[in-house]
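Peer 1: My questions are about this predicted structure, shown below with the sequence.
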Amino acid sequence: MRIKELIFDVKEPTVYCESFVYEPSNVEEERLGHLFMIGRIRNVSETSFYLINLLASRIKREYYSNYHRSMEVATESALKEGNKLLKENEERINWLGNLDFLVAAVSQKRIYFTLLGKMRAFIVRGEEFIDIVKNLILEKDVLFPFSTILQGAIKKDDVLIFSTSNIFSKEKLLKFGKDLFPIEEKKISKIIESEDSGTALIVETGKEAGVIERISREKEKKGFLETLPKFSFSKREKFFPSFKGKIKEGLNKPYTKLNQIYNLARKKISAFSSKISSLSKPTQPKKEEFPFPRITVEKASLPGKPKFDFIALKKEREKRKILFGGALLLILILIGFGFYQHKKNIENAVLGEIIKTIEQKTREGENSLIYGDKEKAISYFVESLELLNSIENPGPLKGEIDNLRKDIEDNINKILERKVLSGIQPLFEIKEGLEKFSPQGILFAKDNIYLFSPDSLLVYQWNISEKKGFFTEQREKVLGGTVLNKKPFFLIAPTSVVITEKEKILPIDFPYEEISVWELDNFLNYFYIFDKDKGEIIKYSVSQDKISSPNLWLEERGAAKGAVSIAIDGSVYLASPSGEIKKFSAGTLKEKISPPETYPKIKGVTKIFTSKDNQYLYLIEPAEKRVIILDKKGKIIAEYQSKEFKDLKDIWVTSGDKTIYLLSENKVFKIDL
C-alpha cells in the first residue's frame, strides 16, 4: 500500500487535527492488516488536544494486543476501549459534538471502519467513486460513541480516501477525481478550498509500500510569512505521530509579534546594507565624477585607446561580492537561530501543558485512593503513563518526566501489591540431558515436582526433601499431564494413559481423529483434555483402573476457541491472551470475567491455574515476566514479577494457596505466599 497524508492547517487556537497510520510490527500481526485513524477536535483549549493522540494510542494498542483474533473481533475490542476512554474524559473535555474521529482496519481484501462526527470515506474504483459512509447512522450516545461498524470487500487497485468533512466531498471527486492521480500539489489545490483545518489519508492499495509522504498546506495570518510556498513536501516516519500538531497550534499566538520583529529587522538590515555598500566602493579623487580614469585624446591620425585597469576592477567587484555574501549569510543565520529558539520555546511550552495534565490526572488518582476506589485510581495512573510514553523528545524536561514516571509506577505497584523479586534464586535447574528434553509442563504431587515435554519421552522428577532429581522414560511421547487423586497422571501418544505411582498403562479412546492435546486438568475422578485448535473440552472418568468413553463436555461446539489455557475447580475457567476469563458450568457459559485493570495492560496470558483446593485464580504472562493473582470474581489480589522469570512455561500452586512453583526455561522457582 502506498500512503499519502494531507494536512490543511488553518492556524486556529481551538482546533487540532491529526492522522495516524499503524502497520503490523511482526509476522503474526500481518493478519490484522493496517490501522488508519484521523481525528479533529474543535471548540476546546490546547490542553485538551491530547485526547486525540491518547484515543488513537489506546485503540491501536488494543487492536494489535492479540493477533489470534480476526480483524472484526479486534476492531470491536479496540472500539470498546475507545468508548471507555471517551467516557472517562467526558467531564474533563467537552468532546461530544466537537470530536470527529474515523477508524479503519484494512487488509488486502477487507475493510472494517466506523466514525464519530463529521467524517468522509470513499473507495475509488476505476472511474467510480463510492461514498461508503453515505448511509451510516452517526451515533451521539455518550456511553457508546463507536457502536456501528461497517465492513466491505476491497479490490487490488482500489484507492481509499479517509478525510474530515471539509477536505474531500463526493461532488469535488466527481468533478476533479479523474485528474487526481498521480497526486500532485497542483491537483490538490483545485479540490481543497476549505477555510477550516482538516486532514486526510489517501491509500493506494495496488501500489508498493514506501515512506509515507506528507502534503501540508498552511494558511497563515497576514504578514511576511505569506511569502512562504503554499505546499511543502517532507518524509515522515510511519508510526507514532509526534507533537507537531500542538507545536503548529502554538505558533498562532506569536505571529503578530514576529511581524513587528520582522519590520524592525528589515530597517536595520537596510541601513546595515547601505553602510556595507558605501565601504565597498573604491576610493576616488574628489574632483573626479567617474570611477574610471579620464580618456585623453592626442592629435594623431588614429584616436588613442582608453587605459582601463581591468585587474583592479575585477578585484573590487570580488571584494564587494564577498562582503555582501558574508553579511547576508550572517543575517540568515541570526534569523534562523531566532526561529529555532522560538520553536524550542513553544515545544517546551506544549510539553509543560502536557505535564500539567499528567500531574492533574495523578492527583485525581491519588484522591481516588483516599476514597478507596482502587480501580479508578489505576485508570488515572495508566492514562498518565500513556501520556508520558507518548512524549518522544522530552528535551530539558527529561528529568522531570522520569521522576513523574517513577512516582506513578510506584503508586501502581502499591495498589496492585506488586512484589518485584529482584534476588530470587531457582529451587533447582536441569543442566543435563537438555539436548533431548525441553520442559513445558509442571506437576506437584506428594513432595515431588514433575516436569514433562510433549516432544520427549522423558519425565524429570525432583524430590523436594532430598533435593535430588532424575529422569524416567515413558514408552511414547508425553502429550500432557495432571494430578488425579493425588497421583501424577500422564497422557502418552498415541492412545493411552499412565498412572506413574502404580505404573499402570490404560487405553483411551478419542471422540474424533486428529485431536490436538493442548492441556490436561482434573476434578475428583474426572480428567479433561483441552483441544485448543478445535475449541473443545473432552471429559473422561477413571474408576477401577478403567477409562470411560469420551464425552464432549461443551454444549456448543467450538465454544472454547480463542482460549489458551484451562483450569477447573468444579467450574471450568478458560483464559484468553487478553486476560479475559470465561467461566463454564455444566458445559454452558455462565460468566465473563473482564481483564483486571493493571499496568502494563494484560495482553499475553499463556496459562491459568486453580483447583478445588485453591481460593484464587493464577495467570502467567511471560512477556511481562509476571504472575497475577485474582480472586474468582476477577479482582487483583497481588502480582509477582522478576527479571529472572525468563520464558515462563507453566505454573502449579499447592493446596491452600501456600506455595507457587514456576517453570521458567529449564529452572523451577518457588514463591511462598
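Peer 2: Thanks, I have the structure now. Residues are numbered from 1 along each chain as shown.
Peer 1: can you pull the contacts of residue 94?
Peer 2: The contact partners of residue 94, taken as CB atoms under 8 Å, 6 or more residues apart in numbering, are 43, 44. Any C-beta I mention is one placed from the backbone N, CA and C, and that applies to glycine too.
Peer 1: Could you look up the SS state of it?
Peer 2: Using DSSP: H, G, I helix; E, B strand; the rest coil, the structure places residue 94 in coil.
Peer 1: Next up, phi/psi of it, please.
Peer 2: Backbone torsions for residue 94, taken as degrees, to the nearest 10, come to phi -80, psi 70.
Peer 1: so how far is residue 199 from it?
Peer 2: Using CB to CB, to the nearest Å, we find residue 94 at a distance of 21 Å from residue 199.
Peer 1: Residue 546 and residue 504 touch, don't they?
Peer 2: No: Residue 546 is not in contact with residue 504 according to CB atoms under 8 Å; the separation is 10.5 Å.
Peer 1: Would you map the helices across the protein?
Peer 2: For the chain, the helices defined by DSSP state H occupy 50-63, 71-88, 170-176, 185-191, 244-250, 255-280, 310-370, 374-389, 398-416.
Peer 1: Can you tell me which helices and strands the third one packs against?
Peer 2: Counting contacts by 3 or more CB pairs under 8 Å, 6 or more residues apart in numbering; DSSP states H and E, helix 170-176 packs against strand 119-125, strand 128-131, helix 185-191.
Peer 1: domains for this structure, by residue range?
Peer 2: For the chain, automatic domain parsing gives the domain ranges 2-240, 256-280+318-416, 428-672.
Peer 1: closest one to residue 422 among those domains?
Peer 2: Checking these against residue 422 by CB to CB gives domain 428-672 as the closest, at 6.8 Å.
Peer 1: Give me the mean pLDDT for the closest one.
Peer 2: When pLDDT is averaged along domain 428-672, the result is 90.
Peer 1: next one: that domain to chain centre, how far?
Peer 2: Chain-centre distance of domain 428-672: 32 Å, with CA atoms, centre = their mean, to the nearest Å.
Peer 1: Residue 55 contacts residue 85, doesn't it?
Peer 2: Yes: if you go by CB under 8 Å, residue 55 and residue 85 touch, sitting 5.8 Å apart.
Peer 1: Who has more neighbours out of these two?
Peer 2: residue 55 (25 against 18; other CB atoms under 10 Å).
Peer 1: which stretches of the stretch 101-250 of the chain form strands?
Peer 2: Using DSSP state E, counting those that start in this stretch, the strands assigned to the stretch 101-250 of the chain run over residues 110-116, 119-125, 128-131, 150-153, 159-164, 198-204, 213-219, 231-235.
Peer 1: which one of the ones you listed has the lowest average pLDDT?
Peer 2: strand 231-235 (a mean of 37).
Peer 1: any idea how far the residue nearest to the spatial centre of the chain lies from residue 22?
Peer 2: Residue closest to the average C-alpha location in the chain (CA atoms, centre = their mean): residue 61, at 4.1 Å. According to CB to CB, residue 61 and residue 22 sit 10 Å apart.
Peer 1: Is residue 660 bridged to anything, and to what?
Peer 2: Counting by DSSP bridges, residue 660 forms beta bridges with residue 653, residue 671.
Peer 1: Does it touch residue 653 like I think?
Peer 2: Yes: assessed by CB under 8 Å, residue 660 is found in contact with residue 653 at 5.3 Å.
Peer 1: Quick check: buried residues in stretch 163-171?
Peer 2: 163, 164, 166, 167, 168 (16 or more other CB atoms under 10 Å).
Peer 1: Show me the contact partners of that stretch.
Peer 2: Residues contacting stretch 163-171 (CB under 8 Å, 6+ apart): 6, 8, 17, 38, 40, 100, 118-122, 129, 131, 161, 191-192, 194, 196, 198-201.
Peer 1: One more pass at 7 Å, please.
Peer 2: The contact list for stretch 163-171 (CB atoms under 7 Å, 6 or more residues apart in numbering) reads 6, 8, 17, 38, 40, 100, 118-120, 122, 129, 131, 161, 191-192, 194, 196, 198-200.
Peer 1: distance between the ends of it?
Peer 2: Taking CA to CA, to the nearest Å, stretch 163-171 runs 14 Å from one end to the other.
Peer 1: Measure how buried residue 399 is and give me the count.
Peer 2: Other residues lying near residue 399 total 9 when counted by other CB under 10 Å.
Peer 1: is it true that residue 19 touches residue 203?
Peer 2: No: Residue 19 is not in contact with residue 203 according to CB atoms under 7 Å; the separation is 11.2 Å.
Peer 1: The two: who's more crowded?
Peer 2: When residue 19 and residue 203 are compared for neighbours, residue 19 comes out ahead with 26 against 21, by other CB under 10 Å.
Peer 1: bridging residues for that one?
Peer 2: Residues in beta-bridge contact with residue 19 (DSSP bridges): residue 38.
Peer 1: Please name the residues that touch it.
Peer 2: 5, 38, 199, 201.
Peer 1: Scan the residues you listed and report the most crowded one.
Peer 2: residue 38 (30 neighbours).
Peer 1: Tell me who's in contact with it.
Peer 2: 19, 102, 162, 163, 164, 199, 201.
Peer 1: out of those residues, which one sits closest to residue 145?
Peer 2: Using CB to CB, the contacts of residue 38 come closest to residue 145 at residue 102, 12.2 Å.
Peer 1: Wait, that closest one touches residue 115, no?
Peer 2: Yes: under the criterion of CB under 7 Å, residue 102 makes contact with residue 115 at 4.3 Å.
Peer 1: Poorly predicted segments of the stretch 1-150 of the chain, please.
Peer 2: The stretch 1-150 of the chain contains residues with pLDDT under 70 at 10-11, 135-144.
Peer 1: how does it look with 50?
Peer 2: 139, 141-142 (pLDDT under 50).
Peer 1: Around residue 317, how many other residues sit close by?
Peer 2: Residue 317 has 11 nearby residues by other CB under 10 Å.
Peer 1: Tell me the pLDDT of it.
Peer 2: Predicted confidence (pLDDT) for residue 317: 70.
Peer 1: same question, residue 181
Peer 2: pLDDT, residue 181: 68.
Peer 1: try the one 4 residues further on
Peer 2: Residue 185 is assigned a pLDDT of 64 by the prediction.
Peer 1: do the same with residue 352
Peer 2: pLDDT for residue 352: 74.
Peer 1: likewise residue 283?
Peer 2: In this model, residue 283 is scored at 43, pLDDT.
Peer 1: same thing with the one 3 residues further on?
Peer 2: The model reports residue 286 with a pLDDT of 42.
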